[in-house]
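1. Sequence first, predicted model second:
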Amino acid sequence: MKLKLYQIDAFTSDLFKGNYAAVVPLDSWLSASLMQAIASENNLSETAFVVRRDDGGFDIRWFSPIKEIAFCGHATLASAFVLFKHLPQATHIDFHARATGAFSVHRRSQGLIEMNFPRREYEPTTDVPGELVRGLSIQPKAVFTSEQAYIALYDTETDVRAVVPNLELIAQLGPRDVVVTAPGDRHDFVSRYFWPANGGAEDPVTGSIHAALAPLWSNLIGKRKLVALQASERSGILYCELEADRVLISGHAVQYLEGTIDLSAAQML
C-alpha cells in the first residue's frame, strides 16, 4: 500500500518557520494503530489524516508522535492548504472531528486560510497545582484553566520568552498542557506552549489553544480582533476574531514536501 503525504509549515509564509504538520489523504480510515505508527515515524508535531465524506466534506483526525489528539489547529490549517491546492475552485471546506464536531475552513484573500472553531471556555484557577508552580521558572501573576491547558498569565513578553519549563513536572499535569502568555511588544498577545504529556517539549505554534486564548485576551484588552505571536524558536502568527460562540483563527501556510509513504514492507497493524 502506498499513500500520499504532504508536509506543510503552518502559521507562516516562510519555510522552516511556523509549525510543521504532515497531511495524509485517505480513501477510508486505516486502523488507529497504523495511523499512530505513521505519525510516530513522521515525528512531527502532528500528522493529520483526512477522509472525504459522502456529503463532500471531510472527516479529520490528528495524531502526535505519541497519541491521538482531540483538537489541533495547525494540522487543520495544513490539511486545508493541501485540499484547497487540489480543489482550486473551492472557497470553503467543511470538516468534522470527534471532539470539536462540525466546523468550516475558508479561503480568504492574500493566501490566508480561516478556521471557524468552537470557542473554548476558561476559568480562573485559585488552587494552582504544585507541579505548575514548580514547573515554571518564573511564577505567573494569574492562572486560568481550560479544557486543554493551564493558562499562565504574565506581565510582559520578556517574561514569556524567559520562562524555562520543568517538563518532567509539567508532564504530571496531563492530560492538560501548559501555555504561558502575556501582552505582546508588537502583537496583541504572545504565548508559548508546553505539552510533554501529549506530544513533546514545546509546540512551535498551537492553533487549538487560541480558541481559549483569544477570548481571554479579548476580555482583558477589549478587542474583538487580535493578532497573536507564538514566541517559540520557529514562531508563528495567528489572526484571531471573536464571533459569539465561535473563534475565527487564520494563518498562512507553505508546502515543504510532497512524497509517498510505502507500507509494502510493514506488518499491518
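-> Looks like it came in fine. Numbering: from 1, shown residues only.

2. For stretch 173-184, which residues meet the burial criterion?
-> Within stretch 173-184, the residues scored as buried using 16 or more other CB atoms under 10 Å are 173, 176-184. Any C-beta I mention is one placed from the backbone N, CA and C, and that applies to glycine too.

3. List the ones among the residues you listed that fall in strands.
-> Applying DSSP state E to the buried residues of stretch 173-184, the entries found in strands are 177-183.

4. Spatially, what comes nearest to residue 43 if we skip its sequence neighbours?
-> residue 65 (5.2 Å; CB to CB, 6 or more residues apart in numbering).

5. quick one on the thing from earlier: widest-spaced pair of the ones in strands among the buried residues of stretch 173-184?
-> Farthest pair in those (CB to CB) is 177 and 183. Separation: 21.4 Å.

6. Let's verify residue 39: helix, strand, or coil?
-> Classification of residue 39 using DSSP: H, G, I helix; E, B strand; the rest coil returns helix.

7. measure it to residue 59 for me?
-> When distance is defined by CB to CB, to the nearest Å, residue 39 is 16 Å away from residue 59.

8. Show me which of those two is the more surrounded one.
-> Neighbours were counted for residue 39 and for residue 59 using other CB atoms under 10 Å; residue 39 has more, 27 against 15.

9. my read: that one touches residue 61, true?
-> No: Residue 39 lies out of contact with residue 61 (CB atoms under 8 Å); the separation is 9.9 Å.

10. Roughly how far does residue 253 sit from residue 26?
-> Separation of residue 253 from residue 26 (CB to CB) stands at 20 Å.

11. Residue 258 now?
-> According to CB to CB, residue 258 and residue 26 sit 16 Å apart.

12. Help me confirm that residue 190 comes into contact with residue 179.
-> No: the criterion here is CB under 8 Å, and residue 190 misses it with residue 179 at 10.6 Å.

13. For the residue nearest to residue 43, give me the pLDDT.
-> pLDDT, residue 65: 96.

14. and if you look at residue 216?
-> 98.

15. Does it touch residue 144 like I think?
-> Yes: using CB under 8 Å, residue 216 is in contact with residue 144, at 6.5 Å.

16. which residues do the two both contact?
-> 122, 151 (CB atoms under 8 Å, 6 or more residues apart in numbering).

17. Would you mark the buried spots in stretch 104-114?
-> Residues 105-107, 113-114 are the ones in stretch 104-114 that count as buried (16+ other CB under 10 Å).

18. give the contact list for residue 164.
-> Counting by CB under 8 Å, 6+ apart, the residues that residue 164 touches are 136-137.

19. related to what we said a few turns ago, who's more crowded, residue 253 and residue 26?
-> Ranked by neighbour count (other CB under 10 Å), residue 253 and residue 26 place residue 253 first, with 26 against 16.
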